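**Student:** Provide a 3D model corresponding to the input given below.
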Amino acid sequence: MNRTGLFIALGLVVVVGLLFGLYPELDLKLAAVFYDTATKTFPLKLNAIAAFARDAAMWIAWAFVVPSFAALIWKAIRPDRPLLVKGRTIVFLLATLTLSAGVLTNLTFKSHWGRPRPVVVTQFNGPEAFVPWWDPRGTCGRNCSFFSGEGATAFWTYAPAALAPPQWRPLAYAAATVFGVATSALRMAFGGHFFTDVAIAGLVTFLVIWLAFALIYRWPRTRLSDERIDAALTRLFWPLYRATQRRRGRETGPAPSA
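**Tutor:** All right, here's what the predicted structure looks like:
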């Protein structure tokens, strides 16, 4: 998560945005690679193994955040105990996944950017008109094509990769890239997304992760510590814990000071 990665991501945003903005037919040509004109469908979407691989990719991505989520739940139950996972890890992973694969994707763009999916556009035997990535005026009403939620979730694995030990980090970044590209290619093969949907999903996710990493770990003015996060969660969950203990006949004092 250094400046080189940031500049590369920003450069790709400009290149992809301009290239597919000026020549939107490129999206159709790339989608056509996976389309069978004889059967007038995207054959891979009917393949059971490919469908399992799609589901497995999401399970793998979510598996990285389960320990942090479980540690947060346990902290809510027992705020008198230290966090089982580092505080910054919990904040970093949960915040980046929520923003990239939740808020920005499903609650913002996919709900208000009416771009139809490849499988429903007229070029692939569907009823709706194709629109380029930059045009929100498509006829899709909900759960639209731009940008890809599953693509964002797959590329979110850059976040746990950023927390790998320094000697393993390049390999972790490479694995996250391969994982994101493969998952995104599957979505295209199913006719679920255009190239720009998955490419921009990956780039936006990377930028969210880069900024969050800088805020939490790098920049002195905003940098957090595991101890401060643990203490803040203790204070947050202590009133409920104290009330629960009282109902059990156990008196508990005020929350421990930081």
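
**Student:** gap between the lowest-mean-pLDDT helix or strand in the chain and the chain center?
**Tutor:** Each helix and strand of the chain was given a mean pLDDT (mean pLDDT, DSSP states H and E); the minimum falls on helix 110-112 at a mean of 87. Relative to the centre of its chain, helix 110-112 is centred 16 Å away, using C-alpha atoms, centre = their mean, to the nearest Å.

**Student:** tell me the buried residues in it?
**Tutor:** Lys110 (16 or more other C-beta atoms under 10 Å). (C-beta placed from N, C-alpha, C; glycine too.)

**Student:** could you pull out the helices for the chain?
**Tutor:** Using DSSP state H, the helices assigned to the chain run over residues 3-22, 25-32, 48-63, 66-77, 87-98, 110-112, 149-155, 158-162, 169-189, 195-213, 226-247.

**Student:** can you list the neighbours in contact with the least confident helix or strand of the chain?
**Tutor:** Applying C-beta atoms under 8 Å, 6 or more residues apart in numbering, the contact partners of helix 110-112 are Pro136, Arg142, Asn143, Cys144, Ser145, Phe146, Phe147, Gly149.

**Student:** filter those residues to the buried ones?
**Tutor:** Cys144, Ser145, Phe146, Phe147, Gly149.

**Student:** ok, so of these, who is nearest Val181?
**Tutor:** The nearest member of those to Val181, counting by C-beta to C-beta, is Phe147 at 15.2 Å.

**Student:** and the gap between that closest one and Ile200?
**Tutor:** 5 Å (C-beta to C-beta, to the nearest Å).

**Student:** which neighbours do the two have in common?
**Tutor:** Joint contacts of Phe147 and Ile200 (C-beta under 8 Å, 6+ apart) are Trp133.

**Student:** save the contacts of helix 110-112 as JSON lines, and put in distance to Gly87 too.
**Tutor:** Output for those, formatted as JSON lines (distance: C-beta to C-beta, whole Å):
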{"residue": "Pro136", "distance to Gly87": "38"}
{"residue": "Arg142", "distance to Gly87": "37"}
{"residue": "Asn143", "distance to Gly87": "35"}
{"residue": "Cys144", "distance to Gly87": "36"}
{"residue": "Ser145", "distance to Gly87": "37"}
{"residue": "Phe146", "distance to Gly87": "35"}
{"residue": "Phe147", "distance to Gly87": "31"}
{"residue": "Gly149", "distance to Gly87": "28"}
